[in-house]
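*Asks:* let me see the structure of the following:
(chains A and B)
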Amino acid sequence: MWKTLQTVLGRLLQAIPAIIGIIIVTFVLTRALPGDPAVYFAGPAADKESIAAIRHELGLDKPMYAQFVIYVENLFHGNWGTSLTTGRPVIEELGRRLPASIELTLCALIFAVVIALPLGMLSATRPDSWIDHVTRVLVTMGVSLPTFFTGLFFIYLFYYKLGIAPSPLGRLDVVYLSPPKVTGFYLIDSLIAGDWEIFFASLKQLILPAITLGLFVLAPLARMTRASMLQVLASDFIRTARANGLPARKVLLTYGFRNALLPILTTMGMVFSFLLGSNVLVEKVYAWPGIGSFAIEALVASDYAAVQGFVLAMAILYVMLNLLIDVAYTLVDPRVKFSGG
Amino acid sequence: MSMINLKHIRYVLTENPLTLVSFSLFLMFVVIAIIGPSLVPYDPLASETQYALQPPSTLHWFGTDQLGRDIFSRVIVATRLDFFIALVAVLLSFVIGSVLGAVAGYFGGWWDRIVGRLLDTIMAFPLFVLAMAIVAAMGNTVENIVYATAIINLPFYARVARAEVNVLRNAPFVEAALVSGNSHFKLLSMQIFPNAMPPMMVQLSLNMGWAILNAAGLSFIGLGVKPPDAEWGIMVAEGANYIISGEWWVALFPGAVLMLAVFCFNLLGDGLRDIFDPRKRT
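*Replies:* Sure thing, here's the model as predicted:
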């Protein structure tokens, strides 16, 4: 137990260089962004004096390294600037919208895992059969679909043509009030409030965007599952288990799948990179009020403090998710040591 | 790797019909990109508002958009721009990535650490988000889409190159070349690099599809290519406003062709991998 805790802590420390890298990149970005940072940090209502005051306060009259120190200090104090479009602190805006994005991303991930793992296992048990080929074509199509295009197509089909999907505008139809906020996830909050009607209403809004997003990551998941299962199924202990007459189901799930799980976990980093990136596009298509659509609005309005905050938030979220995967890895397989890098 | 010959290529093409299909599709797209703009029936930028939003017909195969422009002509003309962006971006990251990776893998030590740190920093971002940030910071132009796409693809090439060079560095033929007095530069460029090419080529094809998708995604959210230029992503974005009122053709055709192009590159990448590196098949 103590050993495991040590490896987990060691892994946490290894995230520090990544975070330093992210902060440096976003710092360079803020300096490269068009326009005067003092103007957009000051907000829309600022006059000349207050801009000059903010320039001094932000240390923009100081040398670069000093500016960097101030930038880092500001970040850690939660001072990420003010959004031009809403006039409120960027960090507050991001915090308010983050649950919507995370709820969407997690639901997409669950959808992808539920579809891709069985497909991958099925292909691995029957390599080069028709089911293997069909799976390959299907998942390759999935990863070739531009998410924004799939989203529009779904809206046309399920909303306009068939009329079974709700209007693609946000997390909840206008006739409903959002559930009292506890976690910020509508699905969970509505359950806490015991309001099934809102639960189903928000689930209905969520299904299409989540599937759109999930389709894109079916391929890496299904293919890794197939490759990893093939390798495990060819190993000696599986042959032994089969020779000893264990039921096929037990061999496949208990012995095979458990051992195949580790390589699948390592692809999760790429899966999350895909999910968080395409999240932006899906949010725009479905008018989903998450941080992605916030960033697009900010881009259109040249609201650079908001854009920079969004990039930072996404990168930190991504590093956190990667950490989570690695910790899960340690827990699934106690042999893993991270000291070697 | 020297065993790659025509017979093997023919075997792979006939054994997997999908590879043959994707290869033909690829050729078709290349021909369209080269001669398409001189073949189209209408001027892709000419608007005739009295014919706005007409459904597909014999006159306008893919219908017309909100300004009465012929969507078929626009989709065909856009092929060149989308392929150009993806190709230049992928070539840039191929060249820079392989130099960085080769130096890191060959010399090791500090070189390896610095390059590794740089790549880790790029990979610390969700890649599409990083591309958004780069285009936002550098300015909203086609060149910057190319640079952004090149930067986010860099780690893939650099890693493949580093791994290949690291193994080849100790190969007997490299040592033989070294003791016969060749410089490091000559060794890397004449002996090691040509042998590291096959896996890099596979990566190139797989990345082309992704680069097109990335460029179209950036245009879709309003970064990069600006109206009225014809580009698949921006055409889908323009069509998005008409989906809810039932004018499906404005977004469908550019989106479908975009999908076809990406699908073709992904299949082609798989096929190439089967030719060059059958063990990596998944």
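
*Asks:* nearest to chain A: which residue in the stretch 51-200 of chain B?
*Replies:* B:Phe128 (2.8 Å; Cβ to the nearest Cβ). The C-beta positions use only the backbone N, C-alpha and C, and glycine is treated the same way.

*Asks:* quick one: the nearest residue to that residue once chain neighbours are set aside from B:Leu81, how far?
*Replies:* Here the nearest residue to B:Phe128 in space, its sequence neighbours aside, is A:Gly277; by Cβ to Cβ, 6 or more residues apart in numbering or on different chains that works out to 2.8 Å. Taking Cβ to Cβ, to the nearest Å as the measure, A:Gly277 falls 22 Å from B:Leu81.

*Asks:* likewise A:Phe216?
*Replies:* 24 Å.

*Asks:* which one of the two has more residues nearby?
*Replies:* Between A:Phe216 and B:Leu81, counted using other Cβ atoms under 10 Å in any protein chain shown, the more crowded position is A:Phe216 (26 against 20).

*Asks:* doesn't that one belong to a helix?
*Replies:* Yes. Membership of A:Phe216 in a helix is supported by DSSP: H, G, I helix; E, B strand; the rest coil.

*Asks:* now do the same contact list for it.
*Replies:* A:142-143, A:145, A:147, A:274-275, A:278 (Cβ atoms under 8 Å, 6 or more residues apart in numbering or on different chains).

*Asks:* and if you look at A:Tyr318?
*Replies:* Counting by Cβ under 8 Å, 6+ apart, A:Tyr318 touches A:272-273, A:276, B:124-126.

*Asks:* before we move on, the earlier item: confirm that the residue nearest to B:Phe128 sits in a helix.
*Replies:* Yes. Assessed with three-state DSSP, A:Gly277 lies in a helix.

*Asks:* neighbours around it, how many?
*Replies:* 25.

*Asks:* A:Leu12 too?
*Replies:* Counted with other Cβ under 10 Å, A:Leu12 comes out at 12.

*Asks:* show me which residues of the one helix or strand A:Tyr318 maps to are buried.
*Replies:* If you go by DSSP states H and E, A:Tyr318 is part of helix A:304-332. Neighbour-count burial for helix A:304-332, counted by 16 or more other Cβ atoms under 10 Å in any protein chain shown, picks out A:304-319, A:321-323, A:325-326, A:329-330.

*Asks:* would you check that the residue nearest to B:Phe128 makes contact with B:Leu127?
*Replies:* Yes. The pair A:Gly277 and B:Leu127 passes the contact test of Cβ atoms under 8 Å, sitting 5.9 Å apart.

*Asks:* list the contacts of stretch B:173-188.
*Replies:* By Cβ under 8 Å, 6+ apart, stretch B:173-188 touches B:102, B:106, B:165, B:168, B:190-192.

*Asks:* which residues of chain A fall in helices?
*Replies:* A:2-32, A:37-42, A:48-58, A:64-76, A:90-125, A:130-144, A:147-154, A:186-192, A:196-233, A:236-243, A:248-250, A:258-285, A:291-300, A:304-332 (DSSP state H).

*Asks:* out of those, nearest to B:Phe220?
*Replies:* Judged by Cβ to Cβ, the one of the helices of chain A that comes nearest to B:Phe220 is helix A:147-154, at 5.0 Å.

*Asks:* report all helices and strands that that closest one contacts.
*Replies:* helix A:196-233, helix A:258-285, helix B:193-220, helix B:232-243, helix B:249-276 (3 or more Cβ pairs under 8 Å, 6 or more residues apart in numbering or on different chains; DSSP states H and E).

*Asks:* off-centre distance for it?
*Replies:* Helix A:147-154 has its C-alpha centroid displaced from the chain centroid by 19 Å (Cα atoms, centre = their mean, to the nearest Å).

*Asks:* buried ones in that helix, by neighbour count?
*Replies:* Buried, per 16+ other Cβ under 10 Å, within helix A:147-154: A:147-154.

*Asks:* put together CSV for these, with pLDDT and distance to B:Gln54 on each row.
*Replies:* What follows is these, written out as CSV (pLDDT from 0 to 100; distance: Cβ to Cβ, whole Å):
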residue, pLDDT, distance to B:Gln54
A:Thr147, 86, 28
A:Phe148, 87, 24
A:Phe149, 87, 22
A:Thr150, 87, 25
A:Gly151, 87, 25
A:Leu152, 87, 19
A:Phe153, 87, 21
A:Phe154, 87, 25
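
*Asks:* of those, which is the nearest to A:Pro263?
*Replies:* Ranked by distance to A:Pro263 (Cβ to Cβ), these are led by A:Thr147 at 25.5 Å.

*Asks:* for that closest one, give me its contacts.
*Replies:* Contacts of A:Thr147 by Cβ under 8 Å, 6+ apart are A:212-213, A:215-216, A:278, A:281-282, A:285, B:217.

*Asks:* min pLDDT across those residues, which one?
*Replies:* Looking at the contacts of A:Thr147 by pLDDT, the weakest one is A:Phe216, with 84.

*Asks:* what's the spacing between that one and A:Ala328?
*Replies:* A:Phe216 sits 22 Å away from A:Ala328, taking Cβ to Cβ as the criterion.

*Asks:* and what of A:Asp47?
*Replies:* Distance from A:Asp47 to A:Ala328, by Cβ to Cβ: 52 Å.

*Asks:* the stretch 1-150 of chain B: strands as residue ranges?
*Replies:* With DSSP state E, counting those that start in this stretch as the criterion, the stretch 1-150 of chain B has no strands.

*Asks:* extract the residue ranges of it that are flagged as low pLDDT.
*Replies:* B:1-5, B:8-9, B:12-13, B:15, B:52-53, B:60 (pLDDT under 70).

*Asks:* picking up where we left off before, thought the residue of the stretch 51-200 of chain B closest to chain A was touching B:Ala215?
*Replies:* No. If you go by Cβ under 8 Å, B:Phe128 and B:Ala215 don't touch, sitting 10.9 Å apart.

*Asks:* ok, the two, which is more surrounded?
*Replies:* Between B:Phe128 and B:Ala215, counted using other Cβ under 10 Å, B:Ala215 has the larger neighbour count: 30 against 26.

*Asks:* can you pull the contacts of residue 230?
*Replies:* Looking at chain A here, since you left the chain open. Counted by Cβ under 8 Å, 6+ apart, A:Leu230 has contacts A:124, A:127.

*Asks:* please refer instead to chain B.
*Replies:* B:44-45, B:74-75, B:77-78, B:81.

*Asks:* will you turn those into a markdown table that also has distance to B:Phe23?
*Replies:* Formatted as a markdown table, the contacts of B:Ala230 follow (distance: Cβ to Cβ, whole Å):
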| residue | distance to B:Phe23 |
| --- | --- |
| B:Pro44 | 28 |
| B:Leu45 | 33 |
| B:Arg74 | 27 |
| B:Val75 | 22 |
| B:Val77 | 24 |
| B:Ala78 | 22 |
| B:Leu81 | 23 |
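
*Asks:* which of the residues you listed fall within helices?
*Replies:* Counting by DSSP H, these contribute B:74-75, B:77-78, B:81 to helices.

*Asks:* what's the local residue count around the residue nearest to B:Met138 when sequence neighbours are not counted?
*Replies:* Spatial nearest neighbour of B:Met138, excluding adjacent residues (Cβ to Cβ, 6+ apart): B:Asn144 at 4.5 Å. Neighbour count for B:Asn144, taken as other Cβ under 10 Å: 19.

*Asks:* what does B:Asn266 give?
*Replies:* 23.

*Asks:* does A:Thr82 touch A:Gln308 like I think?
*Replies:* No. Applying Cβ under 8 Å as the test, A:Thr82 and A:Gln308 come out as separate, 11.8 Å apart.
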